[in-house]
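Q: 3D, please:
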Amino acid sequence: MDSRELIKKVEWKDLKSLSKKEMLIENNISLPWLFTSLFLAYKGYYWAAIPFSGFYFLTALRQVHNGFHNALGTGKFLTWLSMYLNSISMITSIHAVKFNHIRHHKFCLGEEDYEGKSASMKWYEAILYGPKHLFLVHWITFKKANDNYRKKMIFELTSISIFVCITFYFQINFLIYHILIMFFGEFLMAFFAVWTVHHDTHEHPDMARTQRGFWKNKLTFSMFYHMEHHLFPAVPTIKLPELAKRIDEILPELNKKQTF
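A: The predicted structure follows:
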């Protein structure tokens, strides 16, 4: 089914708004995981910190992803601040990621979609492609973005460099752990954030893969409702389960490819 036809059938605009509770969740969902991982690393329990770091990376990605689409329920400054602070803690320019992600929606899996390049690869190729993906995110922003994006990216990269230099100069071990584990997460982005949700969907790029199953979506913080996100990008992540339910009720015959 054509995505424009699907959009007409599904009521979704009411899902754009967030209550105060939902807004607080979406803007702070990553903090418990971040603070717990840093505390455990500070105490020297690095192996225990790893799953909390992983969930921080996932929830921070959810947070900035909502920021890309102005779906955090906050104004411009607070949205920018969220993306800036997560740039430092995730060790990458989030505005560079945003620039490529918006292009991903516009040119989904086409020649100009640099974010989506790994979708056409084998799973192991997508993993190996990770470092190049991270480099291209910044290089394409530098080459193709406007001055506003470039300035934000340079400011974020400068802040990250200062943070990394201070951490290594003073040998702050728990922060060194955090930086290294975040780099590892960034290197896997081409696989987890692109390949898993877009492989074998080139015939209908907007019909990305999605995920059903209560516990699977709870454990992944609703980040694999990707078909729903591509069809209705303005809907905040916290509302995607309800959106998926409406799609299933209205179009039960729709062929939905599962993420896992």
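
Q: please, where are all the strands along the stretch 51-200 of the chain?
A: Counting by DSSP state E, counting those that start in this stretch, the stretch 51-200 of the chain has no strands at all.

Q: count of neighbours near residue 183?
A: A count of nearby residues for residue 183, using other Cβ atoms under 10 Å, gives 16. C-beta: built from backbone N, CA, C; applies to glycine.

Q: find the nearest non-adjacent residue to it, please.
A: residue 91 (5.9 Å; Cβ to Cβ, 6 or more residues apart in numbering).

Q: measure that neighbour to residue 260 for me?
A: 26 Å (Cβ to Cβ, to the nearest Å).

Q: kindly report the same for residue 118.
A: Spatial separation of residue 118 from residue 260 under the definition Cβ to Cβ is 16 Å.

Q: same question for residue 181.
A: Relative to residue 260, and taking Cβ to Cβ, residue 181 is found at 23 Å.

Q: circling back: of residue 91 and residue 260, who's got more company?
A: Neighbours were tallied for residue 91 and for residue 260 using other Cβ under 10 Å; the higher tally belongs to residue 91 (20 against 10).

Q: give the contact list for that one.
A: 160, 164, 179, 182-183, 186 (Cβ atoms under 8 Å, 6 or more residues apart in numbering).

Q: ok, residue 197 next?
A: Residue 197 neighbours (Cβ under 8 Å, 6+ apart): 208-209, 224, 226, 259.

Q: kindly report the same for residue 166.
A: So residue 166 contacts residue 172 (Cβ under 8 Å, 6+ apart).

Q: give me phi/psi at residue 258?
A: Backbone torsions of residue 258, given as degrees, to the nearest 10, read phi -80, psi 150.

Q: count the residues that sit near it.
A: By other Cβ under 10 Å, neighbour count at residue 258 equals 11.

Q: wait, it sits on residue 212?
A: Yes: counting by Cβ atoms under 8 Å, residue 212 is a contact partner of residue 258 at 6.9 Å.

Q: and residue 15, how far from residue 247?
A: 12 Å.

Q: residue 249: helix or strand, and which one exactly?
A: Following DSSP states H and E, the helix or strand that holds residue 249 is helix 240-250.

Q: flag every buried residue along that helix.
A: 240, 243-244, 246-247 (16 or more other Cβ atoms under 10 Å).
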